[in-house]
Structures are given as structure tokens and as C-alpha cells.
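> next input, structure requested:
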Amino acid sequence: MVATSATSAFFQVASPAPDSGSKASGKLGGIPSSVDARGIRSKSASGALQVKANAQAPPKKVNGTKVGVMEGFKTENETPSAPPPRTFINQLPDWSMLLAAITTIFLAAEKQWMMLDWKPKRPDMLMDPFGLGRIVQDGLVFRQNFSIRSYEIGADRTASVETLMNHLQETALNHVKSAGLLGDGFGATPEMCKRNLIWVVTKMQVLVDRYPTWGDVVQVDTWVAASGKNGMRRDWLVRDCNTGDVLTRASSNWVMMNKVTRRLAKIPDEVREEIGPHFVDSPPVVSEDSRKLPKLDDGRADYIRKGLTPRWSDLDVNQHVNNVKYVGWILESAPLPIVESHELAGMTLEYRRECNRDSVLHSLTSVLGNTGLKDIADPGHVECQHLLRLEGGAEIVKGRTEWRPKYPSRLGTLGALPAERA
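Residues are numbered from 1 along each chain as shown. Model (predicted):
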């Protein structure tokens with residue numbers, strides 16, 4: 001009896017069933033609802049006699065908590081007892097829920113892991129499945145992979161030239177960041193940020209051997225070298241990750257400009273010490289095109305597109321129009337027969353000045369040897385001259401583009417999913 005009373009202080013227990021000879025006043029073999037964990041209320045057959053049992057046990061300590069002597073079973077008129085004391089056991093968290101959450105996270109990570117293609121296409125070319133990029137070749141070359149998305153292809157079912165230019169710009173910035181030279185500016189080093197200096201491109205040359213299609217993975221390598229006394233050259237080499245074939249080669253020249261005065265500036269010695277160790281002593285990946293771009297105006301242009309204006313989304317963090325946007329504006333005035341039957345094989349751009357978001361621009365194009373475009377559909381290369389200028393006449397970008405005929409073998413298959421790689 002003493003053990004039963006002491007145990008009932010922590011766990012609810014049922015009382016022994018009454019003798020078979022006695023009659024229960026409630027349900028057959030049941031327990032009256034007025035009985036709680038601390039007392040038992042029983043009645044005789046006539047219901048006139050009530051028995052109250054008292055039981056006492058010596059004080060004990062359970063998990064450091066003193067448990068007092070039971071005062072006996074309480075009747076239905078007495079106040080219910082307080083909840084049992086808080087102990088270490090009943091304060092433990094629900095480990096089952098925590099284990100379930102951890103299991104869910106691991107299953108999701110494993111599924112994502114298995115979806116990645118980890119197999120290298122060539123022994124000397126490791127994939128970058130996450131597209132984060134890495135420094136290779138003694139820390140002088142930055143390499144990053146890009147997957148061609150469905151929204152990056154055009155009507156030809158191949159990646160647009162703007163997509164390729166965005167890949168070049170992205171790897172350039174990530175190169176600076178991975179090398180630990182990224183300050184608060186857009187590709188500017190810490191010493192450049194102290195002096196309000198930023199990089200601006202003066203010339204860009206791009207040669208496209210083949211355009212990737214939807215689902216292709218391209219590998220972009222980029223590096224920098226000195227260009228004269230106050231300039232820097234950046235080169236890019238784009239390959240197909242599956243075959244290793246070279247797709248695009250590009251070379252560019254950069255100078256410094258003061259972000260406040262918007263004037264060109266010399267490279268300070270402190271900045272030269274920052275970037276000098278990262279220069280590569282190698283010739284440009286694209287041979288210098290020293291041909292002078294002829295003057296182009298409204299009288300010499302074959303096609304003119306007026307009223308081009310920058311949008312807010314066309315500006316970068318340096319508050320000037322993104323370089324890639326200029327390429328799109330230049331091609332706005334390219335004749336449609338050329339765009340439909342030819343693809344851009346190469347271009348040379350010379351940046352003269354920047355424009356702001358309130359500028360209004362005109363795009364001018366002249367087709368060299370133009371005879372009314374009646375022979376454009378014939379196989380052969382076409383060369384065009386371009387000018388992007390402000391409405392007032394100031395030159396923004398001058399350029400030259402070369403176009404080659406489109407071949408069926410260069411086009412993707414409409415509606416076909418990318419082939420699974422081995």
C-alpha cells in the first residue's frame with residue numbers, strides 16, 4: 001500500500017477491481033469519474049458508507065527534488081493537486097522531431113547531389129558543377145563554367161551574342177573577387193576605391209567560331225596583362241566543356257577613370273602594386289585589329305534607328321550604362337536580311353564616351369559594298385560599319401562587325417532535349 005501511494009504521486013494508476021460479490025455503483029468493473037491520481041472514492045452497496053484511507057511514506061528525493069509525505073486520498077470536494085515537479089527527464093526536447101528534420105535535409109541534399117554531372121569530359125578538364133569558378137594555372141587564370149539556359153537563346157536556337165558578353169563580364173568580376181582584390185566598387189580594388197577610380201573599357205574584340213545551344217556547358221578562362229603604361233588588357237577563351245573545342249576568343253583594353261570627375265586617370269603606384277602580380281606575360285588571344293574605323297554619319301549610313309534610351313536596369317553600380325547594352329543597341333540598326341541569313345562571326349568595338357540614363361541615342365549601320373542587299377542571301381561574308389551616338393552628335397561607340405552565312409549544321413534541334421552525356 002505504501003509503494004502504491006508513493007508511485008501515484010508521479011503516475012496515474014488504476015485501483016484494484018472490487019470483489020465479485022460487491023456491486024459497483026458506476027459502470028460494470030469501471031472506475032468512478034470522481035477518483036483522481038491521489039485518491040480513491042468507494043461506496044458500499046447501500047451507498048451510505050464512505051471510506052477514507054490514509055497512507056504515509058518517509059520523505060524521499062527524486063532527481064534532487066524533495067518529495068513530501070502523502071496526506072492521503074482526497075475526496076471529490078478537495079482541490080486537485082499541482083502538476084508533478086519539473087525534472088531533467090521531462091524537460092528533454094523531442095528528439096524524434098529533430099532527427100526527422102535532419103533526415104529530410106540530408107535526403108534533399110543527396111537528391112540534388114545525384115542530379116549533378118560529376119564526370120569530367122576530359123582527364124585534364126575538371127567540371128565546375130556549381131559554376132562558382134576557381135583560380136588555375138599558378139593562380140593567374142580564372143576559370144568558370146556556365147550552362148546555357150532556355151531564356152539565353154534566340155530565334156536561331158543558339159545563345160545570343162549578349163549572352164556571351166555577359167559571361168565574359170561575369171568572369172572578369174569573379175576573377176577580381178577570387179583574387180582578393182575586390183573593393184567596394186564594381187571590379188575596383190581597395191586602393192582604387194580610396195581614390196574613386198574605376199575601370200572603363202576602351203576597345204573590345206570578339207571572334208565567335210561557334211555559338212553554344214540550349215543545355216550546353218561552356219568553360220570560360222580569363223586573365224589580365226599590362227597594356228602600355230596606363231592600361232590593362234583582359235583576354236577570354238571560351239570552350240565547349242563536352243568537346244573542348246574553342247567557341248569564342250575575346251580581348252579588351254581597359255583604362256582608369258575617376259568616378260567623381262568622369263575623367264581618365266593614370267594608374268597610381270599603389271594600384272599597380274596590387275594588380276601587377278596577377279599580370280600574365282602573353283600575347284593577346286585575338287590579334288590586334290589596327291584598321292581605322294571610317295567616319296559614319298546620317299549621310300553615309302544605310303540604316304538608322306533613332307530614339308534609343310537607357311532604362312534604369314541598363315545601369316550598373318557605377319551609374320553608367322553596362323557595356324553589354326551597347327552591343328544590343330548597335331545591332332538594333334543591323335538590316336534584317338543580314339540578321340536572318342547570317343550570324344555574327346566577329347566584332348571590334350571602340351568606346352569613346354559614356355552615356356547616362358537621360359541620353360537619347362541613334363544607331364547607324366553601313367553595309368560595305370552594299371548593292372541594295374539583293375545578293376545578301378548568297379553564300380559569303382558581309383562586313384558592316386556601326387556608330388552609336390547621342391542625339392546631339394557626340395560619338396559613344398564605333399564598331400565593325402563581320403557576318404558569315406548560317407549553316408544548318410550550326411543550328412540546334414527545335415523541341416529536342418539536350419543529349420545525355422556519358
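> how many neighbours does residue 397 have?
Neighbours of residue 397 under the rule other CB atoms under 10 Å: 23. Every residue, glycine included, has its C-beta placed from N, CA and C.
> so it sits against residue 388, correct?
Yes. Using CB atoms under 8 Å, residue 397 is in contact with residue 388, at 4.4 Å.
> residue 282 belongs to a helix?
No. Going by DSSP: H, G, I helix; E, B strand; the rest coil, the assignment for residue 282 is coil, not a helix.
> all helices of this structure, in order?
2-7, 95-115, 161-178, 190-194, 269-275, 323-331, 336-341 (DSSP state H).
> these: lowest mean pLDDT?
Mean pLDDT is lowest for helix 2-7 among the helices of the chain, at a mean of 41.
> can you list the weak-confidence ranges in this protein?
Under the criterion pLDDT under 70, the flagged ranges of the chain are 1-94, 112-131, 185, 318, 370-379, 408-422.
> what are the ranges of the strands in it?
60-62, 65-67, 134-136, 141-147, 197-208, 217-226, 232-240, 246-258, 264-265, 303-308, 342-351, 361-367, 382-390, 395-405 (DSSP state E).
> reformat those as a markdown table; add distance to residue 280.
Output for those, formatted as a markdown table (distance: least, CB to CB, whole Å):
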| stretch | distance to residue 280 |
| --- | --- |
| strand 60-62 | 75 |
| strand 65-67 | 74 |
| strand 134-136 | 12 |
| strand 141-147 | 7 |
| strand 197-208 | 17 |
| strand 217-226 | 5 |
| strand 232-240 | 8 |
| strand 246-258 | 12 |
| strand 264-265 | 24 |
| strand 303-308 | 37 |
| strand 342-351 | 22 |
| strand 361-367 | 35 |
| strand 382-390 | 31 |
| strand 395-405 | 27 |
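> out of the ones you listed, which is closest to residue 189?
strand 197-208 (8.6 Å; CB to CB).
> that closest one to helix 323-331, inter-axis angle?
Between strand 197-208 and helix 323-331, the angle comes out at 50 degrees (axes from the mean of the first three to the mean of the last three CA atoms, to 10 degrees).
> strand 197-208 packs against which elements?
For strand 197-208, the contact count by 3 or more CB pairs under 8 Å, 6 or more residues apart in numbering; DSSP states H and E identifies helix 161-178, strand 246-258, strand 342-351 as packing neighbours.
> buried ones in that strand?
Counting neighbours by 16 or more other CB atoms under 10 Å, one finds that the buried residues in strand 197-208 are 197-201, 203-208.
> what do you get for stretch 156-175?
Going by 16+ other CB under 10 Å, stretch 156-175 has these buried residues: 156-161, 163-172, 174-175.
> can you tell me which residues contact the closest residue in space to residue 301 that isn't next to it in sequence?
In space, residue 301 comes closest to residue 364 once its chain neighbours are excluded; the distance is 3.9 Å by CB to CB, 6 or more residues apart in numbering. Listed by CB atoms under 8 Å, 6 or more residues apart in numbering, the contact partners of residue 364 are 296-298, 301, 303-305, 333, 386-389.
> and residue 364, how far from residue 234?
Per CB to CB, to the nearest Å, residue 364 is found 28 Å from residue 234.
> now do residue 151
Separation of residue 151 from residue 234 (CB to CB): 27 Å.
> which of the two has more neighbours?
Neighbours per residue, other CB under 10 Å: of residue 151 and residue 234, the larger number sits with residue 234, 23 against 7.
> might one say that that one is in contact with residue 220?
No. The pair residue 234 / residue 220 is not scored as a contact, 11.8 Å apart, by CB under 8 Å.
> indicate which one of the strands of the chain is closest to residue 317.
Per CB to CB, nearest to residue 317 of the strands of the chain: strand 197-208, 9.5 Å.
> how much does the closest one deviate in direction from strand 342-351?
Going by the same axes, to 10 degrees, strand 197-208 makes 150 degrees with strand 342-351.
> coming back round to it: which neighbours do residue 397 and residue 388 have in common?
By CB under 8 Å, 6+ apart, residue 397 and residue 388 have these common neighbours: 326, 330.
> and residue 337, how many neighbours?
14.
> for residue 266, same thing?
Counted with other CB under 10 Å, residue 266 comes out at 12.
> and residue 152, by the same measure?
Neighbour count of residue 152, defined by other CB under 10 Å: 18.
> quick check: residue 337 vs residue 143, distance?
Distance from residue 337 to residue 143, counting by CB to CB: 39 Å.
> no, scratch that, I was asking about residue 111
Taking CB to CB, one finds residue 111 at 27 Å from residue 143.
> then residue 218?
Residue 218 sits 11 Å away from residue 143, taking CB to CB as the criterion.
> what of residue 182?
For residue 182, the distance to residue 143 equals 17 Å [CB to CB].
> more neighbours, the two?
Ranked by neighbour count (other CB under 10 Å), residue 182 and residue 143 place residue 143 first, with 23 against 18.
> so the more buried one is in contact with residue 219, correct?
Yes. Counting by CB under 8 Å, residue 143 touches residue 219, with 6.4 Å between them.
> quick check, nearest of the buried residues of strand 197-208 to residue 382?
Checking these against residue 382 by CB to CB gives residue 208 as the nearest, at 14.7 Å.
> need the contact list for the residue nearest to the closest one when sequence neighbours are not counted.
Distances taken as CB to CB, 6+ apart put residue 248 closest to residue 208, at 5.1 Å, once the chain neighbours are dropped. If you count contacts by CB under 8 Å, 6+ apart, residue 248 has them with 164, 206-209, 236-238.
> ok, now how distant is residue 248 from residue 362?
According to CB to CB, residue 248 stands 29 Å off from residue 362.
> mind putting the helices of the chain into TSV with distance to residue 317?
Output for the helices of the chain, formatted as TSV (distance: least, CB to CB, whole Å):
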stretch	distance to residue 317
helix 2-7	72
helix 95-115	31
helix 161-178	11
helix 190-194	12
helix 269-275	19
helix 323-331	13
helix 336-341	32
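> which one of the ones you listed lies closest to residue 369?
Set against residue 369 and scored by CB to CB, those come closest in helix 336-341, at 12.4 Å.
> list of residues touching stretch 188-195?
Contact with stretch 188-195 is made by 176, 181-185, 197-199, 256, 258, 265, 268, 270-271, 274-275, as judged by CB under 8 Å, 6+ apart.
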